[in-house]
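Enquirer: here is a sequence together with a model predicted from it:
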Amino acid sequence: MKKYKIAVIVGSLRKESFNLKTAKAVMEMAPESLDMELLDISGLPMFNEDLEGNPPNEWVELRKKIQDTDGLLFFTPEYNRSVTAVLKNAIDVGSRPYGENSWNGKPAGIVSVSIGNISGFGANHHLRQSLTFVNVPAMAQPEAYIGGAADLFDENGKLNNDSTKEFLKTFVEAFEKWVERFVEK
């Protein structure tokens, strides 16, 4: 069986992040063909083009990790109808220096997780806009908007909602096929 290396990127820094909990749940239920690694973007220095001559090690490491993957799986909260600064910064860092876009052509899936009923809809679509520009084909269906997140996890941070588990399992199986389409070309 072919194994696909998947970078899991969570756009929340909060220790008890619902996006992080959801990402971990998806990683546990992923098909064996998806070798998922959580990329830590929490310490990534803010992008500043003046630093490109001697980029911070964190930038170099992130770019290398992205280049070494077959696909990307994003988990994003919604802040002010957009993605978080840390997630946008990671996209900016990975897309530079000009002409050396690390994201280029990597298939992606997007899951937005929120405590509200809108389920991070704005962030999900804003992220899709940024990914389009860096040439990351984002899976269109099924879309993954997870609302009411505060009620989906037990006291140990484990997903305990059966319908959400079933949906996420369907999502990650579709994501597997999405990655396969691009990697096998």
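Expert: That came through, no problem.

Enquirer: off-centre distance for the longest helix along the chain?
Expert: The helix that spans the most residues within the chain, counting by DSSP state H, is helix 162-183. Relative to its chain's centre, helix 162-183 lies at 13 Å (Cα atoms, centre = their mean, to the nearest Å).

Enquirer: so which residues make contact with it?
Expert: 2, 4, 6, 22, 25-26, 29-31, 33-34, 70-71, 73, 105-107, 109, 111, 137, 139, 141-142, 144, 146, 152, 159 (Cβ atoms under 8 Å, 6 or more residues apart in numbering). (Glycine included, C-beta is placed from N, CA and C.)

Enquirer: quick one: contacts for S95?
Expert: For S95, the contact set (Cβ under 8 Å, 6+ apart) comprises 101-103, 134.

Enquirer: tell me the spacing between it and E49.
Expert: Distance of S95 to E49, given as Cβ to Cβ, to the nearest Å: 11 Å.

Enquirer: swap in D68?
Expert: Distance from D68 to E49, by Cβ to Cβ: 24 Å.

Enquirer: one more: G99?
Expert: Where E49 is concerned, G99 sits at a distance of 13 Å (Cβ to Cβ).

Enquirer: those two: who's more crowded?
Expert: More crowded of G99 and E49, by other Cβ atoms under 10 Å: E49, with 10 against 5.

Enquirer: give me the low-pLDDT residue ranges for this structure?
Expert: Within the chain, the segments meeting pLDDT under 70 span 185.

Enquirer: residue ranges of the helices in it, please?
Expert: Assigned by DSSP H, the chain shows helices spanning 18-29, 57-67, 85-94, 121-133, 162-183.

Enquirer: can you give me the buried ones in the fourth one?
Expert: So that's helix 121-133. 121-128, 130-131 (16 or more other Cβ atoms under 10 Å).

Enquirer: make a markdown table from those and add distance to L62 to it.
Expert: Formatted as a markdown table, these follow (distance: Cβ to Cβ, whole Å):
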| residue | distance to L62 |
| --- | --- |
| F121 | 27 |
| G122 | 25 |
| A123 | 21 |
| N124 | 22 |
| H125 | 24 |
| H126 | 21 |
| L127 | 17 |
| R128 | 21 |
| S130 | 16 |
| L131 | 16 |
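
Enquirer: what about the residue nearest to the spatial centre of the chain, distance to E155?
Expert: Note on the chain: the residue nearest the mean C-alpha position is F74, at 1.2 Å, using Cα atoms, centre = their mean. The gap separating F74 from E155 is 27 Å, by Cβ to Cβ.
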